[in-house]
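**Q** below: sequence and its predicted model.
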Amino acid sequence: MDEQQIRIDLAACFQLFATLNMHEAVANHFSAAVSEDGKKFLINPKWKHFASIQPNDLILVDVDDEHCLNDELIDPTALAVHGQIHQLRPDIRVVLHLHPIYATAIACLKNPKILPIDQNTARYFNRVAYDEHYGGMADSKAEGQRLALLLKDKKRLMMGNHGVLIGSHSIGVAFDDMYTIERACQILSTAYATQQPLNILTDDIAEKTALDWEKIEDFSEAHFLEMKRMLLLKYI
């Protein structure tokens, strides 16, 4: 995918999550690598609302360029986290970070695990890394490295007392993954609220369901494509 198409799709991602009310004022960041080594990536400018982000607003960062690293339009937390993940995990081409209500609520529990109680929650069975050591704003290279290494071989991170991070090789898959993890946490939160015992799926059924999810990336891409079409209809 060429850089212009990445810009278009990433901008659509910002606007869609604003439409879904999963944004956080003018905070949070999405990024997408444009080089194989992850040293060059696109990211949203500082303090710009998701709903207003257009393809050409995205900033091309080159971590080997001191001018980029000192650009006042780039939030230091974005460089710290996204920059390190893209470099240390070049297989992760896209990084989405949000503070959505339900996922963040689950991340604030003493047990932040996404328990498999339905198809959505089972998608994340043994496939999420958990950070239970929130230490304030992630604005240092060391903190970015810690988070990147915490992922190990995974691409999703529940950030304790903070929010959620989704990584992927594809913007469409990342979009659907973020949508679904929030929906999973909404279902889990609602189930917790009943104060009745959870009917947790057995490990073998949860694993089978997670594997089935991994076989239908075309579902995720189709979801993103349909959402982009809906976004276009707003302007017709």
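**A** Great, that's in hand.
**Q** got the phi/psi numbers for Ala210?
**A** Recorded main-chain torsions at Ala210 are phi -60, psi -40, according to degrees, to the nearest 10.
**Q** contact partners for it?
**A** Contacts for Ala210 (Cβ atoms under 8 Å, 6 or more residues apart in numbering) come out as 122-127. C-betas here are computed from N, CA, C, even on glycine.
**Q** only the buried residues of the helix or strand bottoming out on mean pLDDT in the chain, if you could.
**A** When each helix and strand of the chain is scored by mean pLDDT, DSSP states H and E, helix 66-69 comes last, with a mean of 75. Neighbour-count burial for helix 66-69, counted by 16 or more other Cβ atoms under 10 Å, picks out Cys68.
**Q** and it, how far out from the chain's middle?
**A** Relative to its chain's centre, helix 66-69 lies at 25 Å (Cα atoms, centre = their mean, to the nearest Å).
**Q** can you select the buried ones from the contacts of Ala210 in ChimeraX?
**A** Restricted to buried positions by 16+ other Cβ under 10 Å, the ChimeraX selection for the contacts of Ala210 reads:
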select :122,123,124,125,127
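**Q** TSV for the contacts of Ala210, including pLDDT?
**A** Formatted as TSV, the contacts of Ala210 follow (pLDDT from 0 to 100):
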residue	pLDDT
Ala122	98
Arg123	98
Tyr124	98
Phe125	98
Asn126	98
Arg127	98
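**Q** I'd like the contacts of Ala210 as JSON lines, with secondary structure and distance to Val95 appended.
**A** Formatted as JSON lines, these follow (DSSP: H, G, I helix; E, B strand; the rest coil; distance: Cβ to Cβ, whole Å):
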{"residue": "Ala122", "secondary structure": "helix", "distance to Val95": "24"}
{"residue": "Arg123", "secondary structure": "coil", "distance to Val95": "19"}
{"residue": "Tyr124", "secondary structure": "coil", "distance to Val95": "17"}
{"residue": "Phe125", "secondary structure": "coil", "distance to Val95": "22"}
{"residue": "Asn126", "secondary structure": "coil", "distance to Val95": "21"}
{"residue": "Arg127", "secondary structure": "coil", "distance to Val95": "16"}
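**Q** which one of the contacts of Ala210 is nearest to Ala33?
**A** Distance to Ala33 across the contacts of Ala210 (Cβ to Cβ) is lowest for Arg127, with 21.5 Å.
**Q** my read: that closest one touches Lys152, true?
**A** No. Using Cβ atoms under 8 Å, Arg127 is not in contact with Lys152; the gap is 11.3 Å.
**Q** quick revisit: skip ahead from the least confident helix or strand of the chain and say which helix or strand is next.
**A** The C-terminal neighbour of helix 66-69 among helices and strands, as given by DSSP states H and E, is helix 76-88.
**Q** next, the buried residues of that following helix.
**A** 77-87.
**Q** ditto for stretch 184-202
**A** 184-188, 191, 201.
**Q** average pLDDT for that stretch?
**A** Stretch 184-202 carries an average pLDDT of 98.
**Q** same thing with stretch 223-231?
**A** 96.
**Q** kindly report the same for stretch 151-160.
**A** Mean predicted confidence for stretch 151-160 is 97.
**Q** next, the buried residues of that stretch.
**A** Neighbour counts using 16+ other Cβ under 10 Å place 151, 155-160 of stretch 151-160 among the buried residues.
**Q** would you format those as TSV with distance to Phe224 included?
**A** Formatted as TSV, the buried residues of stretch 151-160 follow (distance: Cβ to Cβ, whole Å):
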residue	distance to Phe224
Leu151	22
Lys155	16
Arg156	17
Leu157	21
Met158	22
Met159	23
Gly160	28
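**Q** how far does stretch 111-125 sit from the chain's center?
**A** Using Cα atoms, centre = their mean, the offset of stretch 111-125 from its chain centre is 17 Å.
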